[in-house]
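Enquirer: Just a sequence and a predicted model for now, questions to come.
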Amino acid sequence: MPADDSFRALLDYMETELGFSTSHYNDSYLDRRVTARLRRTKCDDYSEYFDQLRTDPDEQAALLDSMSINVTGFFRNPEVWDGIRDVLRTLSARERQVSIWSAACADGREPYSLSMLVHADPQIDESAVEIRATDISEDALDVARDGVYEESRTTDLGGELEYLSNYEQYVDHDREEGVYRVRDRVKRPVTFERHDLISGASKSGFNLVTCRNLFIYIDTEYKRSMLETIAQSLEEDGYLVIGKSETIPPSLKSTFEATDNRHRIYQRV
Ligand SMILES: C[S@@+](CC[C@H](N)C(=O)[O-])C[C@H]1O[C@@H](n2cnc3c(N)ncnc32)[C@H](O)[C@@H]1O
């Protein structure tokens with residue numbers, strides 16, 4: 001972990017001058033991102049990079065861009081989706097209306113995966129399901145609302161979608177244009193909205209919240225308050241799914257009880 005004064009000065013600058021709340025994120029994450037820019041700009045240390053950053057608006061934009069943590073995918077960690085399917089079946093049998101919140105939904109591939117799963121499973125009543133999807137990034141939400149995803153050398157969209165054997169019913173693969181377009185019936189139950197999980201108000205009435213692969217970047221103090229916001233947004237007995245390498249802090253163990261440890265699925269106590 002960099003104890004370096006120039007690293008701290010750089011973070012202060014990002015916070016006060018560039019408007020990026022570094023204090024919400026953990027140091028190792030921030031260090032990885034800044035170091036990547038430092039290498040890219042061929043600077044030898046934080047201090048040299050800081051000098052460049054202060055005078056170069058393009059580098060300021062590039063640094064902010066590199067801070068956005070937007071890696072995602074359809075059916076990310078496919079084995080977890082077996083657990084999510086079980087939760088959706090339970091909820092579909094129990095509730096008249098099933099409300100899902102995909103928090104930190106990035107470019108929409110997570111909420112669309114939920115919608116596809118709901119459509120594909122005969123034990124889930126798709127007409128009773130609504131999905132609210134939120135993220136802090138307007139750019140990510142713009143892509144999400146469009147529901148059009150480009151193939152690239154690094155993104156194997158077809159491979160991601162293979163979790164469903166009949167995915168072409170839900171996503172149109174336009175081979176000529178090299179894009180995958182989410183079909184209208186998959187988009188219909190999903191609504192998108194900007195929401196900051198750190199400063200935003202809690203919501204209410206959700207039976208399932210997925211908040212995956214954001215906590216790993218967040219400082220423990222904020223992680224707790226984010227989980228409290230989620231707990232308040234959930235119905236009693238509602239479910240929470242977090243990322244595969246994430247954990248619930250011990251102080252919240254009485255709020256969330258693990259129902260499927262392997263898949264990181266919890267129930268609000
Ligand atoms: C790594 S992606 C995870 C996407 C998806 N949940 C998944 O697991 O594939 C993290 C997302 O969190 C969003 N994010 C970062 N800080 C946030 C905050 N304070 N409130 C809401 N979303 C945030 C980012 O914009 C990004 O889209």
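Expert: Arrived safely, thanks for sending. Numbering: from 1, shown residues only.

Enquirer: Work out which residue lies at the spatial centre of the chain.
Expert: Nearest to the mean C-alpha position of the chain, by Cα atoms, centre = their mean, lies residue 104 at 3.6 Å.

Enquirer: Give me the contact status of the longest helix along the chain with the ligand.
Expert: The longest helix of the chain (DSSP state H) is helix 78-94. No: against the ligand, helix 78-94 shows no contacts by Cβ under 6 Å from any ligand atom, the least distance being 9.6 Å. Yep, even glycine has a C-beta here, placed from its N, CA and C like the rest.

Enquirer: could you say what helices and strands that helix packs with?
Expert: strand 98-103, helix 109-120, strand 206-211, strand 234-242, strand 256-260, strand 265-268 (3 or more Cβ pairs under 8 Å, 6 or more residues apart in numbering; DSSP states H and E).

Enquirer: Report the buried residues of it.
Expert: Using 16 or more other Cβ atoms under 10 Å as the burial criterion, the residues of helix 78-94 that qualify are 80, 81, 83, 84, 85, 86, 87, 88, 90, 91, 92.

Enquirer: ok, so of the residues you listed, who is nearest the ligand?
Expert: residue 80 (9.6 Å; Cβ to the nearest ligand atom).

Enquirer: The closest one contacts residue 246, doesn't it?
Expert: No: using Cβ atoms under 8 Å, residue 80 is not in contact with residue 246, being 11.4 Å away.

Enquirer: Could you pull out the residues contacting both of these two?
Expert: By Cβ atoms under 8 Å, 6 or more residues apart in numbering, residue 80 and residue 246 have these common neighbours: residue 264.

Enquirer: which strands and helices sit next to the helix or strand of the chain with the lowest mean pLDDT?
Expert: The weakest-scoring helix or strand in the chain, judged by mean pLDDT, DSSP states H and E, is helix 57-67 (a mean of 85). Judged by 3+ Cβ pairs under 8 Å, 6+ apart, the packing partners of helix 57-67 are helix 27-40, helix 46-55.

Enquirer: got the angle between that helix and helix 27-40?
Expert: 140 degrees (axes from the mean of the first three to the mean of the last three Cα atoms, to 10 degrees).

Enquirer: Provide the contact partners of helix 57-67 at residue level.
Expert: By Cβ under 8 Å, 6+ apart, helix 57-67 touches 14, 18, 20, 33, 34, 36, 37, 40, 41, 52, 53.

Enquirer: can I get the CA coordinates of that helix in CSV?
Expert: Extracted C-alpha coordinates of helix 57-67, given in CSV (Å, rounded to 0.1, in the frame of the first residue of the first chain):
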residue,chain,number,x,y,z
PRO,A,57,-6.5,18.3,-18.8
ASP,A,58,-6.4,15.3,-21.1
GLU,A,59,-4.6,13.3,-18.5
GLN,A,60,-7.1,14.4,-15.9
ALA,A,61,-9.9,13.0,-18.1
ALA,A,62,-7.9,9.8,-18.8
LEU,A,63,-7.4,9.3,-15.0
LEU,A,64,-11.0,9.8,-14.2
ASP,A,65,-12.0,7.5,-17.0
SER,A,66,-9.7,4.7,-15.7
MET,A,67,-11.4,5.0,-12.3
